[in-house]
Structure formats: C-alpha cells, structure tokens
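Visitor: just coords:
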C-alpha cells in the first residue's frame, strides 16, 4: 500500500516561496511508470493540479502556474518537493501530494493547510 505524507510550514508571507515535501512509503518514486503530483484545493478555486514529476525525473506543470512552480525529488529519501514562488493570499489552500498524472491519481496524502499572510 502506497502512502504519501506532506510536510512543510503552514504559514508563508506574501512574496516568499512556499516549499513542501512529500514523503512516499510503500513504493519507489523512481519507478518510471508512475507520476507524482502536487494538487491544491481552495474554496475559491476548487481542486487545482499544480504539476508532476515522473519516475524518469521529467516534470510537467499547470501552464497557468508554470512560471512560479518547480517540482524536484530526492531519491535517497524517496521524497519529492514543491516550490511555489512569489506567493499571494490567493495561493492559500490545502496542498496534497498524490500518485498519478493530472486526472488519474489514485493514492493521496492527507493534505496540509498553507496560509499566505503577514
């Protein structure tokens, strides 16, 4: 059974960088057949896919957020990370990591609330 767990600060100041880590157990993130995604949910925008990293290391991003988003990984720790630059209060949301590409995810983390505020 694959399990995912998000971690990171719950409060980020405007204009700063939001950084989150997803730790995966029960499966390797280097397996080429799988994608590993970041997704967020807010009452205003609903569910929003941010991007993904494939087992090969290739990345893909939501075109509306691509200029501010970076996804990377640490194979030694079986973790992948999200960085979202120049955040505003509109980036406040519950952030999830999940296995699978956009629209085809199966296993999700429990989510972590991130608030952008002074």
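Guide: The structure has been received and is ready for your questions. Note that this is a predicted model, so its numbers are computed, not measured.
Visitor: who touches the closest residue to residue 32 other than its chain neighbours in this structure?
Guide: Nearest non-adjacent residue to residue 32, counting by C-beta to C-beta, 6 or more residues apart in numbering: residue 55, 4.0 Å away. Quick note: C-beta positions are derived from backbone N, CA and C, even for glycine. By C-beta atoms under 8 Å, 6 or more residues apart in numbering, residue 55 lies in contact with 28-35.
Visitor: element containing the residue positioned nearest the centre of the chain?
Guide: With distances taken as C-alpha atoms, centre = their mean, residue 38 lies nearest the centre of the chain, 2.7 Å away. Under the criterion of DSSP states H and E, residue 38 resides in strand 35-42.
Visitor: by contact count, what packs against the helix or strand that comes right after that strand?
Guide: Later in the chain than strand 35-42, the nearest helix or strand by DSSP H and E is strand 46-54. Judged by 3 or more C-beta pairs under 8 Å, 6 or more residues apart in numbering; DSSP states H and E, strand 46-54 is in contact with strand 35-42, strand 59-61, strand 69-74, strand 79-84.
Visitor: partner strands of strand 46-54, with direction?
Guide: Within its sheet, and counting by DSSP bridges, strand 46-54 is paired with strand 35-42 (antiparallel), strand 59-61 (antiparallel).
Visitor: much appreciated, bye for now.
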